[in-house]
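**Q** give the three-dimensional model of this entry:
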Amino acid sequence: SISKGFRSPSIKELYLFPAPTTDLLPEHLWNYEVGIQQQVNNWLKCDLNVFRLEGKNLIRLHGSWPNFSLKNSGDFTHRGVEATAQLTPTPKLFASASLSVMDSGEETRATPGTKLSTDINYSWQSLSIFANVMYVRELYGNDFHQDKLDNYTISDFRLAFDLFANIKLSFLVHNLFNTSYQ
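**A** Numbering: from 1, shown residues only. Purely as a prediction, here's the structure:
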């Protein structure tokens with residue numbers, strides 16, 4: 001696929017808190033993506049995508065509280081690969097894993113270089129159990145690969161029970177192991 005994007009600065013970015021910047025330029029971008037999807041058998045499906053994003057004037061937040069500022073990035077190129085596998089060995093069990101690897105050029109702030117995510121969902125009668133684990137690495141607090149942040153792993157867990165036809169009771173825990181991350 002090939003797509004073109006455009007975004008004008010919002011009223012908030014131009015005139016309001018936290019960093020009014022009246023001289024911001026609109027963002028422009030082109031996205032190119034090639035992918036392949038393969039149904040291996042009745043219970044395994046795989047996807048592989050390669051992408052390239054080219055643009056200019058990405059609106060970026062700079063600084064820290066209370067001295068924020070907004071600036072246009074100039075020209076940029078981001079490229080990467082995404083791979084996903086979905087496994088459904090039985091109608092009751094679903095699992096998936098996805099890996100994203102991205103080179104964001106100089107715009108490294110809050111954009112992980114590598115992200116691995118796994119999900120598993122098991123349903124039995126009126127009970128369902130869901131777990132997610134996400135691993136993030138190569139994350140920076142600022143652009144130009146500055147202020148490298150620690151790698152981290154986050155786990156979520158949900159237990160749900162169908163009480164009635166349209167009513168479900170759920171218990172959800174985000175960040176199950178209380179991982180500290182930025």
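**Q** what about D103, distance to L14?
**A** 31 Å (Cβ to Cβ, to the nearest Å). C-beta coordinates here come from the backbone N, C-alpha and C atoms, glycine included.
**Q** identify the bridge partners of L149.
**A** Going by DSSP bridges, L149 is paired in beta bridges with L139.
**Q** OK, contacts around it?
**A** L139, Y140, G141, Y181, Q182 (Cβ atoms under 8 Å, 6 or more residues apart in numbering).
**Q** in its sheet, what does the helix or strand containing I129 sit against?
**A** Element membership of I129, judged by DSSP states H and E, is strand 127-137. Partners of strand 127-137 in the sheet, by DSSP bridges, are strand 114-124 (antiparallel), strand 152-164 (antiparallel).
**Q** and L61, what are its bridge partners?
**A** L70.
**Q** that one and A19 touch, don't they?
**A** Yes: L61 is within contact range of A19, at 7.1 Å (criterion: Cβ atoms under 8 Å).
**Q** overlap of the contact sets of those two?
**A** Common contacts of L61 and A19 (Cβ under 8 Å, 6+ apart): F68, S69, L70.
**Q** what is the nearest of those to I167?
**A** Comparing those against I167 with Cβ to Cβ places F68 closest, at 44.1 Å.
**Q** what pLDDT does the closest one get?
**A** F68 carries a pLDDT value of 82.
**Q** and the closest residue to it other than its chain neighbours, which of the three is it?
**A** If the residues on either side of it in the chain are set aside, F68 comes closest to A19, at 4.0 Å by Cβ to Cβ, 6 or more residues apart in numbering. Following DSSP: H, G, I helix; E, B strand; the rest coil, A19 is assigned to coil.
**Q** verify the stated contact: A19 with R60.
**A** No: judged on Cβ under 8 Å, A19 makes no contact with R60 at a distance of 10.8 Å.
**Q** quick check: neighbours shared by the two?
**A** L70.
**Q** lowest average confidence, helix or strand, in this protein?
**A** Lowest by mean pLDDT, DSSP states H and E among the helices and strands of the chain is strand 59-62, with a mean of 84.
**Q** who are the packing partners of that one?
**A** strand 69-72 (3 or more Cβ pairs under 8 Å, 6 or more residues apart in numbering; DSSP states H and E).
**Q** F144 reaches T108, doesn't it?
**A** Yes: look at F144 against T108 with Cβ under 8 Å: they come within range, at 6.7 Å.
**Q** among the contacts of L149, who's most crowded?
**A** Within those, neighbour counts (other Cβ atoms under 10 Å) peak at L139, which reaches 21 neighbours.
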